[in-house]
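Enquirer: Predicted model and sequence follow; I will ask about them next.
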Amino acid sequence: MSVLVVSGTGTEIGKTVVTSAIAAAALAAGRSVAVLKPAQTGVAPDEAGDVAEAARLAGRLTGLELARYPEPLAPDTAARRAGLPYVSPEDVAEAAGKLAAEHDLVLVEGAGGLFVRFDGAGRTLADAARLLDAPVLVVVPAGLGTLNSAFMTSEAMASRGLAHAGLVIGSWPDAPGLAERCNLADLPTVSRAPLVGAVPEGAGRLEPAGFRAAAPGWLAPELGGTWDAGRFLASWPA
């Protein structure tokens, strides 16, 4: 794949760290990488956003942010309140297409969930993924509640004809409880998509060199890593 959309079942669940890990694994394999953030919200003009964080953790990549809104809200609400232009799915598809012409891998990281509104017409990152004909990777939390949100996201994707690239657990705890361990087996069942990675809790706090060295071990071969779902499940029996 040349373009991969990275979304999730909600906000603050590890999408940027997962994006950074995929970028790090691709860079380590000698691939050129671009990270595109259609809408960055809740960050001041002089603050580092998610693209800058991905570059810090993963290494030398091309970063592009299409819009930045100061309040930590859904992109359409943040744009309207700030009196700034909306980002459209067409804007995202055009930017990703240009990056894909010059890079081996383009990672498009959404804001919040896949169906957070971009504009007043209710269009979303899912519409951009459809225009790009790009698969969507869904980042999920590990604990209670994740099965329902993963199911609903996957159902909505299927109804729109979007390709599911699999699930990655955005923050796997050092000492998972019963719910987390059971979810390892249940997530692929309810979402009808494979589990293709698990990023350890606190991975984003690692020094960049340590992050880059460890990242392939958190991701399945489909994402450029060496992580094995069967072996991981066997390590954490329910």
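Expert: In hand now; what should we look at? Because the structure is a prediction, the values reported are computed rather than measured. Numbers count the residues shown, from 1 in each chain.

Enquirer: so how many other residues sit close to the closest residue to residue 183 other than its chain neighbours?
Expert: Nearest residue to residue 183 in three dimensions, chain neighbours excluded: residue 146, at 5.8 Å (C-beta to C-beta, 6 or more residues apart in numbering). Quick note: C-beta positions are derived from backbone N, CA and C, even for glycine. Residue 146 has 23 neighbours, counted by other C-beta atoms under 10 Å.

Enquirer: who touches the residue lying closest to residue 161 once chain neighbours are set aside in this structure?
Expert: In space, and not counting its chain neighbours, residue 161 is closest to residue 130: 7.0 Å by C-beta to C-beta, 6+ apart. Contacts for residue 130 (C-beta atoms under 8 Å, 6 or more residues apart in numbering) come out as 89, 160, 161, 162.

Enquirer: Spell out the residue ranges of the strands in the protein.
Expert: Ranges of strands in the chain, per DSSP state E, are 3-8, 33-41, 62-69, 105-109, 136-140, 164-172, 195-200.

Enquirer: My understanding was that the residue nearest to residue 183 contacts residue 8; is that so?
Expert: No. Between residue 146 and residue 8 there is no contact under C-beta atoms under 8 Å: 10.4 Å.

Enquirer: Common neighbours of these two, please.
Expert: Residues touching both residue 146 and residue 8 (C-beta under 8 Å, 6+ apart) are residue 140.

Enquirer: Next, the residue of the chain most remote from its centre: phi, psi?
Expert: The outermost residue of the chain relative to its centre, with distances by C-alpha atoms, centre = their mean, is residue 83 at 27.5 Å. With angles defined as degrees, to the nearest 10, residue 83 sits at phi 70, psi 30.

Enquirer: Quick check: it vs residue 90, distance?
Expert: Here the criterion is C-beta to C-beta, to the nearest Å. By it, residue 83 lies 21 Å from residue 90.

Enquirer: same question, residue 8
Expert: Distance of residue 8 to residue 90, computed by C-beta to C-beta: 23 Å.

Enquirer: ditto for residue 217
Expert: Taking C-beta to C-beta, one finds residue 217 at 38 Å from residue 90.

Enquirer: Neighbour count: those two, which is higher?
Expert: Each of residue 217 and residue 90 has its neighbours counted (other C-beta under 10 Å); residue 217 has more, 15 against 12.

Enquirer: just the helices in this structure please.
Expert: Using DSSP state H, the helices of the chain run over 15-28, 50-58, 75-82, 89-100, 125-132, 146-159, 178-191, 208-214, 229-235.

Enquirer: out of those, deepest packed?
Expert: By mean neighbour count, with neighbours taken as mean count of other C-beta atoms under 10 Å, helix 15-28 ranks first of these at a mean of 26.

Enquirer: for stretch 53-73, how far is the first residue from the last?
Expert: Length of stretch 53-73, first residue to last, C-alpha to C-alpha, to the nearest Å: 20 Å.
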